[in-house]
Structure formats: C-alpha cells, structure tokens
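Asker: coords please:
(chains A, B, C and D)
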There are 2 protein chains.
Amino acid sequence: MSSFGKIASLRHPVAINLADRPSASACEDCGARHLGLCDALSDEELVFLSSAAHRMTLPTGRLFLEEGDAAQFFYNVNSGTVRLFKALPDGRRQITGFAGPGHFIGLAATDMNVVSAETMEPVQLCRFSRAGMRAMFEEYPALERKLLDVAMHELVLSQQQMLLLGRKTALERIASFLLSWAQRQENCNTGKLPRPNAKLTLPLSRTDLADYLGLTIETVSRSLSALKKEGLIEIPNIHEVVLLRPQALENIAEAAN
Amino acid sequence: MSSFGKIASLRHPVAINLADRPSASACEDCGARHLGLCDALSDEELVFLSSAAHRMTLPTGRLFLEEGDAAQFFYNVNSGTVRLFKALPDGRRQITGFAGPGHFIGLAATDMNVVSAETMEPVQLCRFSRAGMRAMFEEYPALERKLLDVAMHELVLSQQQMLLLGRKTALERIASFLLSWAQRQENCNTGKLPRPNAKLTLPLSRTDLADYLGLTIETVSRSLSALKKEGLIEIPNIHEVVLLRPQALENIAEAAN
DNA sequence: CGCTCTTTTGAAGTTCTTCAATTTTAGTGG
DNA sequence: CCACTAAAATTGAAGAACTTCAAAAGAGCG
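Answerer: Numbering: from 1, shown residues only, chains lettered A, B, ... in the order given. You can find the predicted model right below:
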C-alpha cells in the first residue's frame, strides 16, 4: 500500500461510491478498492465529481477505447471487467492489464491512447472528460493525489509483469498469475498468500490468459494441466481454479529453490 | 507529450536546473527533459526544493536502491545513467528501465522499493525524502502535477515494453530498442523516426541489453549481426550503432508487413 | 605486450509454438 | 430437457526460435 494512498484515505475516511455501486462494505479495509478514486474524496467532493461524470453501461465485447485515438476521457469502472491491450498489425496482442470495479482507466495515455480497452462482461463505468478532470484538480487536490497513487500502483504492477514476460518460464507465469489473481480477488494486495483451497473465478478465456502472459493458448492449457497433475491446483470448470497448495505455487512463481 | 506536462510547463516556463546541471539550453523544447521535475517549478519554488535535496555523486556500479528495502527516498538524476531492475532468486534479471539526466526514480514503489537501482556510469543525483516530498506537495501543487505526468509517461513506456517482451521476436525487439533509444537520445519523444545515419551511443553492455529485452547476450549479438548483414545498421564499435535505414528498422519493430 | 573480460560465432539442446485432431463447453432450437 | 451445432479447450506430434554450451575473436587495461 502506498503512503500517498494512506494519506488520502486517512484524510477522507469516506465510503460513498462514485456512482451507486452495490455494497461498499469491504471497501475501507481493502487495499485494492481504496485504489478506486472513490475513497479520495469527501462526500461533498463526490457529489461534485459525480456531476461531472457520465454513467454508461456497455455490453460484453465492446471496444470503447482504441489505441491511437485522441485521448478524450478517463473512466472509472463500477462493475464488470475490462481488458486493456496493445496489438501489432499482424494481430499479435498483448494484454497489459485488467480493470475491475474501482479501477481507473486512461492513465497510460499521452495525447493519444496507447492501449485499447474492451469489455469482457457487461460493464458499468463513469466517464470523465480529461479536460474537466484537470480543472477539477484545482478544486480538489486530493483527487490528483489519489491519481498519482493509482499511477504509482500501476507502475508497480507493470514492472512485475515485465519480469514475468521477460524472464519467467511458462509454468512460472501461470503460477504467478494464479496467485496475483487470487490477491486481486480475495485479500486485495495484503501480500499474503491465499489460503489453501482458495477458489478463483476467472472471467478470462484461455486466449486472454495467453495474451496476458505472452504465451499461446496451448501452452497455457498444458501448464495448467501440469499444475493439476502435480496436485497443486484443481480445475472444476473452465472459469474456476482451486489453489490446493498456494505455497507450492509461490515457490514456482518466485523461482524459490 | 502529455497534456498535464503541457500545463505544468506553460505555467512555469522556467529553465533553472534542480542542481547546477550543465547547460539547460535544450531543456525547454525537449519532450524528454521536460519530464524532469525541473520544469515544473518557478525559480522561487526551485530554491525551496533544492534546499530539501541532498546532492550525491556515485561511482560506476553502485547499487543504491534495493528491491524489498523500505522506500525512503526519491531521486532525480542529474548526470549519468542508472539501470532499474528486478531479479529472481536464481539470478535471472529483468531491467525495467534506464534513468538518465532529468529522470525521476522512486515512483514504482509502495512502502518498499519494487525495483533495484544501480549506476552504469558515474552518476550525480539529488535525493529527496519521501516524507519531505509529501509535505512539499501541500506547498507546491505543480510538483505533484508534474509527478503525475512523469508517472503517466512511465506507464506508457512500460506498456510498450510489455508488448515487446510478451509478443515480439528477437529481431523485432532489437529494432524496437534501437529506435526507442534513438528517440531518447536524439529528438526526445517527438515520435518521428531518427534521420538515416543517426549515430547511437549505448552505455549498455550486451548483458544489459539482453536483460532489458528478455533475451540472452548471444541472441542479442546474433540479432545485431543480422541487422548489420542486412545493411540496416552499422556497428563501428561496441558502444555505437549507426542507423542506416531507420524506416526499415521501424518496419521490423512494428511488424508492418 | 600480454592478460582478462566481453563479444561474437557455431553447434547442440530445450522450450515454446504451430499444426492437427479430439474432447469439452456453451448456446440454440426442437 | 435433450439433441445438435459451433466455439473453446485440451492433447499430441512436428517444427521453429531461442537458449545453452563451447570455442574463437576482439576490446580494454595494467
């Protein structure tokens, strides 16, 4: 957890949501959710902010941001999952991240978007004009601080991913992914291992997984099968994985010998 | 160039350096240099800032930031080059970036450093305590804005690197690297191709290059030789590369068919 | 000038990919 | 509810790209 984040949330220990997101009960003590913009602002500020926001609901598979287009908006995800990716002309694709509830989209941009964004499920999001956002920074410095915090966190994640893509084997990538996804889903960045038998829900297809980990779907499939055969995981169905032995996965993921 | 950067530099079109860096003549119209903190502040603010900074000079090969240590400081590079990297227990290393003059170090951190930093040449830098920096944000919002701008730019770069590491071939990686290094060195992020016969100076060893591009030194060497054989580059010596046909390199780098 | 370290080049080996076939899953209509 | 179809995932076998191991050439330094 970043120190900037801590400041922001201490000063505004609020739990109202940007839009009317469902329950926010888990928000306050969750490392990942407080990375949403929501926690950065007081009630009053949130009202102002949400007046500047445009709520939208998108169906599955909607490409709402395209690499190379002029960067007009920021987005904040309320529900559902978004995949962010870059692509080469011949179709090769690298998914750079996934944005779920509370996540902010649009930081990785100059005047143009440098990534594309596509919904993986029905998604609700709030849209802000970048210009309006800049104006708002004058009024509400806490917002800017929060954004810096989010950006720094993204930077940490992307550097982990560089290590994974540049130096890890297929098996290590899969193990790393499972653990990081567990953190994301469950105990939100506490840095602790998930408990044995923790159940993961993956909204990702094998293709997404492959494009995120820099592998082919066949290699992803084979690696998952290998972990299953070794008794480290169970795969009740395509969208669920049970982590039978998280410590063993961690040893593989971190190449601990 | 990011819009936030524009704001910051328009408001404070100053060219004093953080410490007494050599000539700053090229600073104002250079996309990369204005990413240094220097441009974000007025004269008065800079005086204040530099009073909070601790100047240091480090010899080649000094490891001054270690992954996992408590994150106490930010650094701003004045001269020389620093390599930032993550490593696995068995020694595999991934260089996540290089920091040269004007570059800011320490953004990719939570309470702990998530990367290590090591000097590649004699390096001069300014050190700021993270706590002091936070206090300064209250006084000088422009500073925080600038930092957000820097973080966003880093994010853009790291996503390009993810595409490279996850999806590009060895030859494509080398071609991409040469072009990006030319931009860094020469026309600073203008997005234009370097002119034919542009000469690159690489302070990197082949090992650094390999660890940056997720390859082995042998593959790096072979790929460079291949580009040379094809007449796209010339390699007068180990630390210099001449880009004979930048457009052809670009075609390889971007997999344009 | 000779030593060492880095880089280059070659040959063999490994991991991952590609191609192909089978199995499983999911969606649709009877 | 079940069968049928299409898409996705798994598994197998062959191939390619990169790595590893090994040796030679080149650069740097006392």
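Asker: who's in contact with the one helix or strand A:T96 maps to?
Answerer: For A:T96, the host element (DSSP states H and E) is strand A:93-99. Here strand A:93-99 makes contact (C-beta atoms under 8 Å, 6 or more residues apart in numbering or on different chains) with A:77, A:81-87, A:105, A:108, A:115, A:117, A:120, A:154, A:157-158, A:161, A:204, A:208, A:211-212, A:214, B:159, B:162-163, B:166-167. Glycine gets a C-beta too; all of them are placed from N, C-alpha and C.
Asker: strands paired with that strand, and their directions?
Answerer: According to DSSP bridges, strand A:93-99 forms sheet pairs with strand A:82-87 (antiparallel).
Asker: Let's see the strand it pairs with as CSV, backbone CA atoms only.
Answerer: The C-alpha trace of strand A:82-87 is given here as CSV (Å, rounded to 0.1, in the frame of the first residue of the first chain):
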residue,chain,number,x,y,z
VAL,A,82,-12.3,-4.6,-18.9
ARG,A,83,-9.3,-5.9,-20.8
LEU,A,84,-6.6,-3.3,-21.8
PHE,A,85,-4.3,-4.3,-24.6
LYS,A,86,-1.9,-3.3,-27.3
ALA,A,87,-1.7,-5.0,-30.7
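Asker: for the stretch 151-257 of chain A, what spans make up the helices?
Answerer: Secondary structure of the stretch 151-257 of chain A (DSSP state H, counting those that start in this stretch): helices at A:170-185, A:206-213, A:217-229, A:246-253.
Asker: Tell me which of these approaches chain B most closely.
Answerer: Closest approach to chain B among those (C-beta to the nearest C-beta): helix A:206-213, 7.4 Å.
Asker: re the thing from before, just confirm yes or no for the strand holding A:T96 near DNA strand C.
Answerer: No. Shown here: strand A:93-99 not in contact with DNA strand C (C-beta under 7 Å from any atom of the strand), separated by at least 11.6 Å.
Asker: Buried residues, that strand. List them.
Answerer: With burial defined by 16 or more other C-beta atoms under 10 Å in any protein chain shown, the residues of strand A:93-99 counted as buried are A:93-99.
Asker: ok, of those, which one's closest to B:P194?
Answerer: Distance to B:P194, by C-beta to C-beta, is smallest for A:Q94 among the buried residues of strand A:93-99, at 24.8 Å.
Asker: who's in contact with stretch A:217-226?
Answerer: Identification of contacts with stretch A:217-226 by C-beta under 8 Å, 6+ apart yields A:170-171, A:173-174, A:206-207, A:209-210, A:213, A:215, A:233, A:235, A:241.
Asker: one more time with 7 Å, if that's ok
Answerer: Outside of stretch A:217-226, the residues within contact range by C-beta atoms under 7 Å, 6 or more residues apart in numbering or on different chains are A:170-171, A:174, A:206-207, A:209-210, A:213, A:235.
Asker: Need these in CSV (columns: pLDDT, neighbour count and distance to A:L148).
Answerer: Formatted as CSV, those follow (pLDDT from 0 to 100; neighbours: other C-beta atoms under 10 Å in any protein chain shown; distance: C-beta to C-beta, whole Å):
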residue, pLDDT, neighbour count, distance to A:L148
A:A170, 98, 16, 35
A:L171, 98, 18, 36
A:I174, 98, 27, 33
A:R206, 97, 17, 36
A:T207, 98, 13, 34
A:L209, 98, 21, 31
A:A210, 98, 21, 33
A:L213, 98, 24, 29
A:I235, 96, 14, 40
